[in-house]
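Visitor: one predicted model, sequence on top.
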Amino acid sequence: MEKTKKSTAIYWVLFLASIAAFFGVYTIGGGYCSMVLPFNVTLFAMAMDLM
């Protein structure tokens, strides 16, 4: 059975948006930027097709 390759473009876009959000929160809130890290890691794993 062949496995079709799914598109990960939306996850790359969301990952880059979460990186922008990370730096945005860092400039405003400093220490609160760690609250964005779960989104960064999860979206990166989905973009790399690890999940």
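Guide: Yep, it's here.
Visitor: C-alpha only now, for contacts and for neighbours.
Guide: Fine.
Visitor: contacts only, for residue 6.
Guide: Listed by CA atoms under 8 Å, 6 or more residues apart in numbering, the contact set of residue 6 is empty.
Visitor: separation between it and residue 41?
Guide: For residue 6, the distance to residue 41 equals 20 Å [CA to CA, to the nearest Å].
Visitor: show me the shaky parts of the chain.
Guide: 1-2 (pLDDT under 70).
Visitor: output the longest helix belonging to it.
Guide: Criterion DSSP state H: the longest helix present in the chain is helix 9-29.
Visitor: just checking, what packs against that one?
Guide: Judged by 3 or more CA pairs under 8 Å, 6 or more residues apart in numbering; DSSP states H and E, helix 9-29 is in contact with helix 37-47.
Visitor: show me the contact partners of the helix it packs on.
Guide: 8-12, 14-15, 18-19, 22, 51.
Visitor: out of those, which are buried?
Guide: Buried residues within the contacts of helix 37-47, counting neighbours by 16 or more other CA atoms under 10 Å: 11-12, 14-15, 18-19, 22.
Visitor: now do the same contact list for residue 32.
Guide: Residue 32 sits next to 25-26 when contact means CA under 8 Å, 6+ apart.
Visitor: tell me the secondary structure at it.
Guide: When classified by DSSP: H, G, I helix; E, B strand; the rest coil, residue 32 comes out as helix.
Visitor: so which of the buried ones among the contacts of helix 37-47 comes closest to residue 33?
Guide: When those are compared for distance to residue 33 (CA to CA), residue 22 wins out at 5.7 Å.
Visitor: contacting residues for that closest one?
Guide: 33, 36-37.
Visitor: dump those residues into CSV; add distance to residue 26 as well.
Guide: Formatted as CSV, the contacts of residue 22 follow (distance: CA to CA, whole Å):
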residue, distance to residue 26
33, 5
36, 10
37, 11
